[in-house]
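# Make a model of this:
(one chain, ligands or ions: 2)
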Amino acid sequence: MGRYEDAFRRSMDAPETFWAQAAEAIDWYRAPNQVLDGSNPPFYRWYPDGELNTCHNALDRHVAAGRGGQAALIYDSPVTGSQRSYTYEQLRDEVARFAGVLAGLGVGKGDRVVIYLPMVPEAAIAMLACARIGAVHSVVFGGFAAHELAVRIDDAEPTAIVSASCGIEGTRVIEYKPLLDRAIELSEHKPKRCVMLQRPQARAELTDRDIDWDEAMASAQPAGCVPVSATDPLYVLYTSGTTGRPKGVVRDNGGHAVALRWSMANIYDISPGDVFFTASDVGWVVGHSYIVYAPLLTGATTVLYEGKPVGTPDAGQFWRVISEHGAKAMFTAPTAFRAIKKEDPVGEHAARYDLSRFRVLFLAGERLDPDTYQWAADLLGIPVIDHWWQTETGWPIVANHMGLEPLPVKPGSPTVPVPGYDVHILTADGEQAPAGTEGAIAIKLPLPPGTLPTVWGDDDRFVESYLTRFPGYYHTGDGGLIDSDGYVFVMGRTDDVINVAGHRLSTGSMEEVLGGHPQVAECAVIGVADDMKGQVPHGLVVLKSGADIGEEQLRDELVALVRDQIGAVAAFKQVSVVPALPKTRSGKILRKTLRGIADGAEDPVPSTIDDATVLDTLRPLLRRGI
Ligand code: COA
Ligand code: AMP
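Ligands and ions are numbered 1, 2, ... in the order given. Modelled structure (predicted):
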């Protein structure tokens, strides 16, 4: 039996022994006696009587162990032309001081703090400062506009917000302050204070509610680490679901620390002292787990990169970062590689840098198409590892375990289930699908440590969204198959979630916006194939009778509305006016059918559709991008 097979078996046969051993890599104030509390299914709790502090494990313990002088975080920002490096000792001191700022504003254990920041070190500092005092952070991605921010403020009810005067997108400066002010105006819940980081590219006008980051830091007393229960929440991260209302995925402290530490050694093959470069954003789960927490819990060096893979200044920035900082592994989304490939198809930029220390490229966030896989593998001559996971799990479900035992790569498959995840393919009736047959990907409960214990403030929604469709299983929302070698193939979402440039978005929330236009009678938003972004949203709208508006004007207005309400990140640019939408006899729009057409299915038309001509009109529109 190989090392992977052995670890996987042990995690299935004796999960409590397996995860008790993994927990030994973490510093506990009170080591857990109980590993798993399964007394209240379908709610499971890992390490219920353990006590720890995540920030202590990420910073203080490494300083105490003699790593104080090692780089903990390297900020590399081609868009501002700056770089800054923090040793473990410096980062601990900054975090302790900012924890003091938060405590001084009345933020205590269990209180929420919304963080709306671009890719600057202060984002990681604010997250770790919350962890230090037992507060719960909720980071909102900077590409979301005021309305989306307001929805999250109302759900998380933060005591304070941490933000910045601006973000930088290529050569454009995006002012955050007007978005933040508008969000607070829109939200019912009003945070007491906002800490504002002033960036020189655009300074914000502060009001009575605002406090300047630098001034607050100058007078703050450093705060120590507060012991929290392993089951206390570390953060809430909102993610798109089927409806317009985002779900607050809760992450606990204990299971999260154990799982991430295990993943760094066994999946990513990263040891203390190694340099790890994840190009994502702290606003997404990849950023939470693999820019901030996992590398620091490991005592590695993390690179926090502010910029795009292409554009400012060129398509060689990833190679420059890897070479300059000596990264052993990099992690990003396939879309970033498609962007580089488009601009530099023969890899001229890569040839200019010394990439000899670069050992593995990890890709996730969307399906890794075989072309992109092959291009990256040929260019780099190192393993290119696809792996599959979700905001809900916080760490990989299916991967090739580079630390444990690398397995042969099969392009199109993220390889095999990670220990702890009992992955099944189920038919629509909840039966086990035979090997090689496509079905719903579900994970038998309990999920391993680090995965979501519930939805913030809404246990019922947790059960209804994930645990009801297939009782006894977590319903991932992805479809796929497992082949006869046990390799998992993930084909894509089976619900109304789409993946645009590695960003997870809800078509439901876009439909809410389109439906608000005075001339629109009804609408559907579907993801259609896009060479660069994988998928982009396409709006199908039926006009009200007597509506008087040109198609171009309507498109401009709808695009502007989505940009204003959801944000530029929705990348909503395509609109088609259609005479009708296919519906069931009871009047429900057949979204699944529309998705099927967009995906190129041969004959996805169910017999319930009376008017096949509606579909004949839609087919060429939806297949335009294929
Ligand atoms: N703040 C403000 N605006 C933002 C933003 C942010 N943090 N992030 C994105 N946007 C804007 C972009 O500027 C763009 O605006 P535009 O329509 O005015 O040009 C829009 O949102 C769409 O952004 P995006 O989909 O990222 O497209 P892009 O053309 O700017 O970049 C890629 C495309 C592929 C280069 C980029 O998406 C990328 O690097 N993705 C891979 C890495 C990643 O972040 N993955 C996420 C999870 S792993
Ligand atoms: P997010 O919650 O933003 O991480 O998005 C999770 C979704 O992205 C999953 O449900 C999948 O649909 C998709 N996804 C992530 N990684 C992969 C992968 N390696 N292959 C296919 N789809 C993926």
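
# gap between the residue in the stretch 51-200 of the chain that ligand 2 sits nearest to and residue 180?
Closest residue of the stretch 51-200 of the chain to ligand 2, Cβ to the nearest ligand atom: residue 141 (10.2 Å). Using the backbone N, CA and C atoms, a C-beta is placed for each residue, glycine as well. Look at residue 141 and residue 180: by Cβ to Cβ, to the nearest Å, they are 14 Å apart.

# In terms of packing, which of those two has more residues around it?
residue 180 (26 against 21; other Cβ atoms under 10 Å).

# Now the helix or strand the more buried one falls within: buried residues?
Under the criterion DSSP states H and E, the helix or strand holding residue 180 is helix 177-186. Using 16 or more other Cβ atoms under 10 Å as the burial criterion, the residues of helix 177-186 that qualify are 177, 179-184.

# Let me know the average pLDDT across stretch 570-587.
In this model, stretch 570-587 has an average pLDDT of 87.

# Would you mind measuring the gap between the ends of it?
From its first residue to its last, stretch 570-587 covers 28 Å (Cα to Cα, to the nearest Å).

# Next one: it, is it in contact with ligand 1?
Yes: contact of stretch 570-587 with ligand 1 (Cβ under 6 Å from any ligand atom) involves residue 571.

# Could you report the neighbour count for whatever residue of the stretch 351-500 of the chain ends up closest to ligand 1?
Of all residues in the stretch 351-500 of the chain, residue 365 sits closest to ligand 1, with a separation of 3.6 Å (Cβ to the nearest ligand atom). Residues near residue 365, counting by other Cβ under 10 Å, number 25.

# Quick check: it touching residue 490?
No: judged on Cβ atoms under 8 Å, residue 365 makes no contact with residue 490 at a distance of 11.5 Å.

# wait, which of the buried residues of helix 177-186 is closest to residue 154?
Distance to residue 154, by Cβ to Cβ, is smallest for residue 183 among the buried residues of helix 177-186, at 9.6 Å.

# quick one, what contacts the closest one?
Residue 183 makes contact with 146-147, 149-150, 153, according to Cβ atoms under 8 Å, 6 or more residues apart in numbering.

# In helices, which of those appear?
Cross-referencing these against helices under DSSP state H gives 146-147, 149-150, 153.

# Redo those as a markdown table? Include distance to residue 483 and neighbour count.
Putting the ones in helices among the contacts of residue 183 into a markdown table (distance: Cβ to Cβ, whole Å; neighbours: other Cβ atoms under 10 Å) gives the following:
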| residue | distance to residue 483 | neighbour count |
| --- | --- | --- |
| 146 | 46 | 21 |
| 147 | 43 | 18 |
| 149 | 43 | 27 |
| 150 | 45 | 21 |
| 153 | 45 | 26 |
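
# which secondary structure elements does the helix ranked longest in the chain contact?
With secondary structure taken from DSSP H, the chain has its longest helix at helix 88-104. If contacts are counted by 3 or more Cβ pairs under 8 Å, 6 or more residues apart in numbering; DSSP states H and E, helix 88-104 sits against strand 71-77, helix 121-133, helix 213-219.

# Pull out the buried positions in that helix.
The neighbour-count criterion (16+ other Cβ under 10 Å) identifies 88-103 as the buried residues of helix 88-104.

# Looking at these, which is nearest residue 114?
Minimum separation from residue 114 among those (Cβ to Cβ) is found for residue 102, which lies at 12.0 Å.

# sorry, back to before: pull the number of nearby residues for the residue nearest to the residue of the stretch 51-200 of the chain closest to ligand 2 when sequence neighbours are not counted.
Nearest-residue entry for residue 141: residue 283, 2.8 Å, with adjacent residues in sequence omitted and distances by Cβ to Cβ, 6 or more residues apart in numbering. Other residues near residue 283 number 24, with proximity taken as other Cβ under 10 Å.
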